[in-house]
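K.L.:
Whatever this is, show me its structure:
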Amino acid sequence: LLHKFPGLDVYHRCTLAPTIVATLTARLGLIHPPAGATSVVFSIESYGIEEMILFLVGNLIAIVIAVTINNMSEKRQYPTTKWI
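P.N.:
Below you'll find the model as predicted:
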């Protein structure tokens, strides 16, 4: 969304994006460092909805694989709540 502001050049967008994301995730209690890197990637250029959906699908595949691997062990079970 930062590319919509005409007065911001790429350097300001790359500085503001992880700052905004880190603040929001800290307020929500969902700290996740790769989210800051993702915000920088998407703030460098104006990506379309297709790229964002592709990125989301890639993240969902990674989450499914991680949950499957974690649940293969008897000692580790993820998620521990039934919110899914």
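
K.L.:
so which strand or helix has the residue sitting nearest the centre point of the chain?
P.N.:
Taking CA atoms, centre = their mean as the criterion, Ala35 is the residue nearest the geometric centre of the chain, at 3.6 Å. Per DSSP states H and E, Ala35 falls inside helix 33-44.

K.L.:
Okay, buried residues for the stretch of helix or strand Thr25 belongs to please.
P.N.:
Here Thr25, judged by DSSP H and E, is contained in helix 10-28. For helix 10-28, burial by neighbour count (16 or more other CB atoms under 10 Å) applies to 13-14, 16-18, 21-22. Backbone N, C-alpha and C define where each C-beta goes, glycine included.

K.L.:
mind checking how far it is from the chain centre?
P.N.:
What separates the centre of helix 10-28 from the centre of its chain is 11 Å, taken as CA atoms, centre = their mean, to the nearest Å.

K.L.:
Now do it and helix 33-44, the angle between them.
P.N.:
With axes from the mean of the first three to the mean of the last three CA atoms, to 10 degrees applied, the angle from helix 10-28 to helix 33-44 works out at 150 degrees.

K.L.:
Much appreciated, bye for now.
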